[in-house]
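>>> Fold the following.
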Amino acid sequence: MLLAIDTATRQLGVAFYGNDRILGEMNWAAGFHATEQLMASIERLWTMVAGSGQAPDTAPDVPADAPTGRIEGLATFPRDRLPINAVAVVSGPGSFSGLRVGMATAKGLCLTLGVPLVAVPTLDAVAFPHLQSANAHVCALLDAGRGEYYVGWYRSVARSWRRLEDFAIMGLPEIASRIVKRTIICGDLAPAHREELQGAVERKLLVFPSGLFGVRRAGAVAVLGADHLAKGYLIDPLTAEPDYLRRPAASVPRHRIVPMIGEPAP
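The predicted structure follows:
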C-alpha cells in the first residue's frame, strides 16, 4: 500500500493507494498548520481505510534496489501503526515551508520503515486529472507570488501524456502569449487573473474546469506515485530535497538562468 502526501500549498492532501485504486483520500485547507495536522490526518485516514476493510492483504511489487537506509538515532515507527510499502510526496514547486514539511515527513517514514520514496512534481498532480482527454493541451498553474505563476505545459497523446517543456515562472502576459491552441487552464488562478487572461486570449482557446475539477487532489499524487514506483523512479530518502523552482527573494528565478529542454546553456 502506498501513502501519498501533498503539502505544496496551504491546501494539504493525503491518500492511500492499493490494489490499483485509491483506498482513501483527504484534501483540506490547513492554512499555516501543516506541521501539526499532517501526521494526525494520515493516521486518521488510515484508521478509516483499515476500518472499511479495503486495505490490501499483500504488499505491492517494490524494485529490488529500493533504498532502505535508516538514520542512526531516529526512532522506529511501528509498521502496524501505518502498514505502508512506499511513500509518494509532492516535490514542488510550491510553498517553501509546506514543501519542507511534506518532504521531511515522507523521508522520516521511509527511513524508519525502510520503504522506497518517489517524488511527484506539484504541477504534474494539478494537470493529471485533465490529461485523460485525447489531444488536449493543458496549462497547470500554481501561485508563485508577486503576480507570477509556476507553469507547466502538457499534452495528452494516444492515451498517454507528456510534459512539453521544463517548468517555468511566468506572468499573465507571457502565459497568454503562449496559448495558441485550445487549452485547459487548471490550478490556482485568481479570479482577477482569470478575467485578464480571458481578455488577452481568444475565448474559444480557453477551457476553465469548474467545481471539483479545479481541486488539486492527493489521489492524483497517489496514482502518479504508484506509476513511478512501478517504473523504478525512486529517490534516496537520505538526500531528497524539494524542488522550490523559485530561489530566495534576492536571487534570479530559475527559469531565467536554467535553459529549457533542448536549449543550449547560457
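>>> Looking at strand pairing, list the partners for V138.
Following DSSP bridges, V138 is listed with bridge partners Y154, I184.
>>> ok, it - contacts?
127, 130-131, 153-156, 183-184, 186 (Cβ atoms under 8 Å, 6 or more residues apart in numbering). Every C-beta, even on glycine, is put in place using the N, C-alpha and C of the backbone.
>>> Would you convert those residues into a markdown table that also reports distance to P242?
Below are the contacts of V138 laid out as a markdown table (distance: Cβ to Cβ, whole Å):
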| residue | distance to P242 |
| --- | --- |
| A127 | 19 |
| H130 | 24 |
| L131 | 23 |
| W153 | 21 |
| Y154 | 21 |
| R155 | 26 |
| S156 | 27 |
| T183 | 27 |
| I184 | 26 |
| C186 | 22 |
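>>> Now tabulate these in CSV and tack on neighbour count, distance to G94 and pLDDT.
Listed next are those as CSV, based on neighbours: other Cβ atoms under 10 Å; distance: Cβ to Cβ, whole Å; pLDDT from 0 to 100:
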residue, neighbour count, distance to G94, pLDDT
A127, 26, 14, 94
H130, 24, 19, 89
L131, 22, 20, 87
W153, 21, 18, 96
Y154, 25, 18, 95
R155, 17, 23, 92
S156, 20, 24, 83
T183, 20, 22, 94
I184, 21, 21, 93
C186, 26, 15, 93
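>>> Quickly name whichever of those is closest to Q198.
Nearest to Q198 among these, counting by Cβ to Cβ, is T183 at 12.4 Å.
>>> Give me the nearest residue to that closest one, chain neighbours excluded.
Leaving aside its chain neighbours, T183 sits nearest to H137 (4.4 Å; criterion: Cβ to Cβ, 6 or more residues apart in numbering).
>>> Equivalent analysis for R100, please.
R100 sits nearest to P242 (Cβ to Cβ, 6+ apart), 6.5 Å away.
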